[in-house]
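*Asks:* take a look and give me a structure for this.
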Amino acid sequence: MFREEIRATVHLAIPVVLTQLGAIAMGIVDTIMVGRLGPEPLGAVALGDYLSFTVLVMCLGVLTALDAIVSQSFGAGRPDRCRRALQHGVLLAGILTVPTMLLLSQSHALFRLFGQTDAMVESGGQYVHAINFGVLPFLLYAALRHFLHGIGRARPAMAVMIAANLLNVCANWVLIYGNWGAPALGATGSAWATTICRWAMFMMLAGYMLLRSDLRAFLWTRLEKPERYLLMRMTRLGAPAGAQFGLEVGMFGAATMLMGRLGVLELAGHQIALKLVSTTFMVPLGFSITAGVRVGQALGRGDVDAARRAAVTAWGLGIGFMALAAAAFLAFPEFFVRIYTSDPTLVQMAVSMLIVGAVFQLSDGTQTIAIGSLRGAADTRFPMLVAFVSYWVIGLPLGYTLAAPLGWGPAGLWWGMTVGLTLVGTTLALRFHLRVREARLHALQAL
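*Replies:* Below is the predicted model of the structure:
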C-alpha cells in the first residue's frame, strides 16, 4: 500500500515542487541580477523582500485554509462545497489586500524603526513601494492555486510559474539595467518586474480556469451570497496558519534586520546563504502541500490509515532530499555561494552562514511537512503556538545572544534559528502521530 501511496504522492508532488522552485527561482534571478550592481543594491533587495514577504506570507497562510476545506470536500464527493470554498477564498483574498497594502505603504517608517541606515531606508522603501502594486494579483493567484491543489490539479500552476520565470528574466533585464530605452532602476526595477509577473500569473491561471468547462463551473455556475459560517471557518483555520507562517518567516526577517545593523557585508552574505537554503526548502514545502492535500482527501473519505500513510510518505521523500542537500552544502559551500558572487570577502561571510544552514536542513524539512500534514487535518492553532515559543521565545533571542554578547557574529544568529526549527519539527511530528492514534481510538472519527 505504501508503494501506491508513493506513486500517488510523487505524481502530485512533482508539479507542486516545481511550482515552489519556480517561485524561489524568481527571487534567485532577482538576487543574481541585482547582485552584479554591488552589496548595497543587494542589501536593499534583502530588506524589501523580507519585509514584503513576511507580510504576504501571513495572507498566504490564511488562504491555505482552502487546502483543508477543498481537499476534504473533494474527498467526500462534495463539488458544491469545493465551489463555495473557492468563491469565499477569492473574497478573502480581496479583503486581505487592503490591510496588507496599507501596512506595506509604511515601509520607510518600519525600516527606520529597525535601525537601518538612511540609504537602506530609501532604497528598501522604493523596492516595497513597487511590490505593493502586486499584492492583489498575488493573493488572487494564491487562492486559485490552493483550490486547484485541493482537487488534485497541480500542473496548471506549474505551467504558469514557468512562463512567469521567463517573463521575470526579460523584465529584470529591461528594468534593472535600463535596456530597450527603459530607465535603469536598479533594485527597484526588480521589484517592478516582480509586480508585472504577479499580474501575469493571476491572469494566466484565471484564464486557464475560464477556458476549461469542468473548472469554469466552479467559478461561474452561480454567485451566491457569502456564507458567514464558511467564511468564519476559513478564518478560524487560516488565521492561525497565517500567524504560524508569519512567525517563521518573521524570524528570518528579523534576522535580516539584525544583519543590517551588523553591516552591509553581513547583510549581503546573509541574503546569499538564505537564498540557497530557501531553494532547497522548496522541495519539502512541495511535499508539505502534497501531504496536506492527500491527508485532507483521505480524512474526507473517513480513511485515517490512508491519512497516516500520506504523511509518512511525504516525510520520507522530503527528508531524504534534505539529507542530500545538507551533505552538498557541507561538502561544497563555496561552490554554491559563488553562484551569486565572486567577491572573496563576501564569499567567506556567506559560507560561514551556509554551513550552519546545512545543519538545519533536516529540521526545516521535518517541520514544514508536519505543518502540512496537520493542516490537512484542519489542525492549525497548535502549530501557531509551537512556532511562537520555538522561534520568538527561544530561537531568535538565543541567536541574538550568540551573535552579539557572546561574539559569534552572523553565524550565531543562524545557530539560534537552527534550534527554533528543530523544536518545531520534533514537536509537530509528535503532534501528528498523537492525532492519528486518537482518531483510530475514536472509531476513525475525523481529526
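*Asks:* where along the stretch 1-150 of the chain do the helices fall?
*Replies:* Assigned by DSSP state H, counting those that start in this stretch, the helices in the stretch 1-150 of the chain fall at 2-35, 39-63, 65-75, 79-104, 107-113, 118-132, 135-150.
*Asks:* now tabulate those helices in a markdown table and tack on mean neighbour count, mean pLDDT and distance to M251.
*Replies:* The way it works is simple: take the backbone N, C-alpha and C, and place the C-beta from them, glycine included. Shown next, in a markdown table, are those (neighbours: other Cβ atoms under 10 Å; pLDDT from 0 to 100; distance: least, Cβ to Cβ, whole Å):
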| stretch | mean neighbour count | mean pLDDT | distance to M251 |
| --- | --- | --- | --- |
| helix 2-35 | 19 | 82 | 18 |
| helix 39-63 | 24 | 83 | 9 |
| helix 65-75 | 27 | 82 | 23 |
| helix 79-104 | 19 | 89 | 18 |
| helix 107-113 | 17 | 86 | 17 |
| helix 118-132 | 21 | 87 | 19 |
| helix 135-150 | 25 | 93 | 22 |
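*Asks:* of those, which is nearest S278?
*Replies:* helix 2-35 (5.6 Å; Cβ to Cβ).
*Asks:* ok, back up a step: so which of the helices of the stretch 1-150 of the chain comes closest to G186?
*Replies:* helix 39-63 (5.3 Å).
*Asks:* now that closest one against helix 79-104, angle please.
*Replies:* Here helix 39-63 runs at an angle of 140 degrees relative to helix 79-104 (axes from the mean of the first three to the mean of the last three Cα atoms, to 10 degrees).
*Asks:* and helix 39-63, what does it pack against?
*Replies:* Packed against helix 39-63, as judged by 3 or more Cβ pairs under 8 Å, 6 or more residues apart in numbering; DSSP states H and E, are the following elements: helix 2-35, helix 79-104, helix 107-113, helix 118-132, helix 135-150, helix 187-211, helix 228-262, helix 264-300.
*Asks:* could you give the separation of the worst-scoring helix or strand of the chain on mean pLDDT from the chain centroid?
*Replies:* Least confident helix or strand of the chain, by mean pLDDT, DSSP states H and E, is helix 213-220 with a mean of 71. Remark: helix 213-220 is offset 28 Å from the chain centroid, using Cα atoms, centre = their mean, to the nearest Å.
*Asks:* for stretch 134-153, same thing?
*Replies:* 13 Å.
*Asks:* just the C-alpha atoms of that stretch, please, in CSV.
*Replies:* Taking Å, rounded to 0.1, in the frame of the first residue of the first chain, the C-alpha atoms of stretch 134-153 are listed here in CSV:
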residue,chain,number,x,y,z
GLY,A,134,1.3,43.4,-7.0
VAL,A,135,-0.4,42.4,-3.7
LEU,A,136,-3.9,41.9,-5.1
PRO,A,137,-3.0,39.6,-8.1
PHE,A,138,-0.5,37.7,-5.8
LEU,A,139,-3.3,36.8,-3.3
LEU,A,140,-5.9,36.1,-6.0
TYR,A,141,-3.4,33.8,-7.8
ALA,A,142,-2.7,32.0,-4.4
ALA,A,143,-6.5,31.4,-3.9
LEU,A,144,-6.9,29.8,-7.3
ARG,A,145,-3.7,27.7,-6.9
HIS,A,146,-4.7,26.4,-3.5
PHE,A,147,-8.1,25.4,-4.8
LEU,A,148,-6.5,23.5,-7.7
HIS,A,149,-4.2,21.8,-5.3
GLY,A,150,-7.1,20.8,-3.2
ILE,A,151,-8.8,18.9,-6.1
GLY,A,152,-5.5,17.3,-7.1
ARG,A,153,-4.6,19.5,-10.1
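*Asks:* ok, back up a step: turn the helices and strands packed on helix 39-63 into TSV, including distance to A46.
*Replies:* Listed next are those as TSV, based on distance: least, Cβ to Cβ, whole Å:
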stretch	distance to A46
helix 2-35	8
helix 79-104	16
helix 107-113	12
helix 118-132	8
helix 135-150	19
helix 187-211	10
helix 228-262	6
helix 264-300	4
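*Asks:* quick one: closest of those to R437.
*Replies:* In terms of Cβ to Cβ, the element of those nearest to R437 is helix 264-300, at 14.6 Å.
*Asks:* and whichever helix or strand comes after the closest one, what does it pack against?
*Replies:* Sequence-wise, the next helix or strand downstream of helix 264-300 (DSSP states H and E) is helix 304-331. Packed against helix 304-331 by the contact rule (3+ Cβ pairs under 8 Å, 6+ apart) you find helix 2-35, helix 264-300, helix 344-359, helix 361-376, helix 410-441.
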